[in-house]
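In: Let's see this in three dimensions:
(2 chains)
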Amino acid sequence: MNHSRKIRVLAAKPGLDGHDRGIKVVASALMDAGMEVIYTGLRQTPRQIVESAIQEDVDVIAMSILSGAHDYLFPRVMELLREKGANDILVLGGGIIPEEDIPALKEAGIAEVFGPGTSTQDIVEYIHGRVQNPQA
Amino acid sequence: MAIKEDLRLLAEKVEGWNRSVEKKLEKNPERQKEFVNNSGVPIKRLYTPADLDDIDYLEDLGFPGTFPFTRGVQPTMYRGRHWTMRQYAGFASAEESNRRYRFLLEQGQTGLSVAFDLPTQIGYDSDDEMAMGEVGKVGVAIDSLRDMETLFREIPLDQVSTSMTINAPAAILLAMYIAVAEQQGVPSEKLRGTIQNDILKEYSSRGTYIFPPKPSMRIITDIFAYCAKKVPQWNTISISGYHIREAGSTAVQEVAFTLANGIAYVEAALQAGMDVDGFGPRLSFFFNAHLDFLEEIAKYRAARRIWARIMKDRFKAKDPRSMMIRFHTQTAGCTLTAQQPMNNIVRVAFQALAAVLGGTQSLHTNSMDEALALPSEQAVQIALRTQQLIAYESGVCDTVDPLGGAYYLEALTREIEERAESYIRRIDEMGGAAAAIEKGFIQREIQESAYKFQREIERKERVVVGVNRFQVKEEKPRNLLRVDPAVRASQLEKIRKLKSERNSAGVADCLAALKKAASGTDNLMVPILDAVKCYATLGEICDVLRDVFGEYKQVNTFAR
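Out: Next up, the predicted model:
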């Protein structure tokens, strides 16, 4: 597979949750796999995430949340992306997200949720599989 | 204590023994070519008295309750009294959390530990836009003194000690606690408990900061000074390594970064004009209990010895209580697995035992379902029983520091001590902990340890039972705790009611007085207490302080 440029990923921490070990580990793994990763830092509102994603022209948004606030924040991000017409960004979630919440998140547009115990290589492969044509 | 001559001879014999074993390794290989622990310490095949030849029993180990406190901070330790069994708890509303606290006390826990939700920890009321989706999720929502009154209903504050995991707004929650006690007729001099109040680790590892470092340190030292006079039995800070370890650090880094933060707090208090023995005895600490059983025990002992020497030699403390690390421990949340959650009961048991053998004063054991949700009642009961089983059935409490003198343990204690001290020197050279955090040094060290750990797991160099080995096809977990989403609406209604019933003019006056004090140098505890008693909300009080102090912007150390 020949990409015209590196896959660009926005690694984001929505809401007030301060646990950033996971997102930093994932970001490091994605970078080691040849992707360009922009890490937003903590305390991002859905609006800030969407604005950064568009500004940075990313192919993927990877959001990590452990506080249980995914039920509000993830769909809100999807809503704002749709509002801005950014419908081709692949949006992934991770952290502590109860299995029973996943169908609703997928319905809202989250492509996949990677929970505790996930291998970073699975995330790398998933992104490579889904992002066929990083926007040139 | 063996004579040097004998030890040298012994060392030669050990070398000879190792050589003979190594000859047979081709036929009977060891599981790895090298054994190195997670902190990078090489682990020998065998430890003997020869490894301890430069350890002086009286200088380096001594007696429990005596400098350098390696063997424990009380002479009788658990022969006198077990550690406090203190389960961190709280979720949703004050009513529900109060119910859980009374359940835990009935089940035999001996101290309270309050978990607040993220909006509360970050100084936002439940109706703030920043609180959307977060209310009551990771702890109890406290918007005003009224919620605090509900939280401690039927809990006599002169009889229980309470630890509150609160940092940036610690002064406010402490003021609320004092106010509730007053309503119960309990004077502040009688109150026992702890506030975490450790902002430096928030900046580097936990994330619930509000204000920048200088004003945050001012609030902390104001709390030290106020409590020294008015709440003398209160632990004014819980200098924490737990979160640093959870963020991915090694045991050596946990000790080093925690004690470096401790040094920064002591320096701040001294600079604020306090006498080291005026606040020293009320500093407390909080460590992690992680997987490597023996390394953890060595870690606590090393930490005690290092801190004792820092307080005595560097800060010239005279009161032995200033030199002691009294600490709370929590078993490592980051080691819990979502897969085969019952295995977590066993992990927690080993970790809790390490904390006890390491001499902890207080202990929280995680519940088996905590990789998935906040603890269910059944799961937290098992977690509490784990402590009770150790205390009452295992026999380890009947002598002090039972593993003291074990060759491996003492050698490892010293290794950790040396490596941690080396880090502390580096941090000193950078200008101290706050400077090291501004430079991103602490965060990068932690992040690199975390990534290394994950790579080891993915390469199967590190086994996580049930996750990368010994997996099974699992059923969906059941009976997990869920926070009722109605809690936000309920908090909003409480806020609305409060604001309609309280004396608005009084609140405005209190907030104005607070603003004035914050802009000057007066001790902030006094105007905060007034504001809290007028039923100003947590958010209103923090907004005043944000106005005066500004908000912290976190260093993004991620750009590689």
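In: So for the helix or strand harbouring B:Ala11, what gets flagged as buried?
Out: Using DSSP states H and E, B:Ala11 sits in helix B:4-23. Using 16 or more other Cβ atoms under 10 Å in any protein chain shown as the test for burial, helix B:4-23 gives B:7, B:10, B:14. C-betas here are computed from N, CA, C, even on glycine.
In: Output whichever helix or strand comes after it in CSV with nothing but the alpha carbons.
Out: Once the chain leaves helix B:4-23, the next helix or strand it forms, by DSSP H and E, is helix B:77-80. C-alpha atoms of helix B:77-80 as CSV (Å, rounded to 0.1, in the frame of the first residue of the first chain):
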residue,chain,number,x,y,z
MET,B,77,3.8,-1.3,64.5
TYR,B,78,1.0,-3.8,64.0
ARG,B,79,1.6,-5.4,67.4
GLY,B,80,0.1,-2.2,68.7
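In: What's the first helix or strand after helix B:77-80?
Out: In N-to-C order, the element after helix B:77-80 by DSSP H and E is strand B:84-85.
In: what helices or strands is the next helix or strand after that next one leaning on?
Out: Scanning forward in sequence from strand B:84-85 by DSSP H and E, the next helix or strand is strand B:88-89. Here strand B:88-89 touches helix B:94-106, strand B:112-115, going by 3 or more Cβ pairs under 8 Å, 6 or more residues apart in numbering or on different chains; DSSP states H and E.
In: Mind giving me the packing neighbours of the last one?
Out: Yep, that's strand B:112-115 we're talking about. strand B:88-89, helix B:94-106, strand B:162-165.
In: let's see 10 Å
Out: strand B:84-85, strand B:88-89, helix B:94-106, helix B:145-151, strand B:162-165, strand B:193-195 (3 or more Cβ pairs under 10 Å, 6 or more residues apart in numbering or on different chains; DSSP states H and E).
In: contacting residues around the residue of chain A found nearest chain B?
Out: Ranked by Cβ to the nearest Cβ, the top residue of chain A for proximity to chain B is A:Gly18, at 1.9 Å. With contact taken as Cβ atoms under 10 Å, 6 or more residues apart in numbering or on different chains, A:Gly18 is in contact with A:42-43, A:66-67, B:118, B:121-122, B:202, B:205-209, B:243, B:247, B:554.
In: Let me know the closest of those to B:Phe257.
Out: Distance to B:Phe257 across these (Cβ to Cβ) is lowest for B:Ser205, with 8.2 Å.
In: tell me the secondary structure for that closest one?
Out: helix (DSSP: H, G, I helix; E, B strand; the rest coil).
In: Please look at it and B:Ile199 and confirm they touch.
Out: No - in this structure, B:Ser205 is not within contact of B:Ile199 by Cβ atoms under 10 Å, at 11.3 Å.
In: quick one, helices of the stretch 301-450 of chain B?
Out: Remark: helices assigned in the stretch 301-450 of chain B by DSSP state H, counting those that start in this stretch are B:320-323, B:343-357, B:377-393, B:407-430, B:433-438, B:441-458.
In: Switch those helices over to a markdown table; also include distance to chain A and mean neighbour count.
Out: Shown next, in a markdown table, are these (distance: least, Cβ to the nearest Cβ, whole Å; neighbours: other Cβ atoms under 10 Å in any protein chain shown):
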| stretch | distance to chain A | mean neighbour count |
| --- | --- | --- |
| helix B:320-323 | 31 | 20 |
| helix B:343-357 | 12 | 22 |
| helix B:377-393 | 15 | 19 |
| helix B:407-430 | 20 | 19 |
| helix B:433-438 | 14 | 22 |
| helix B:441-458 | 5 | 20 |
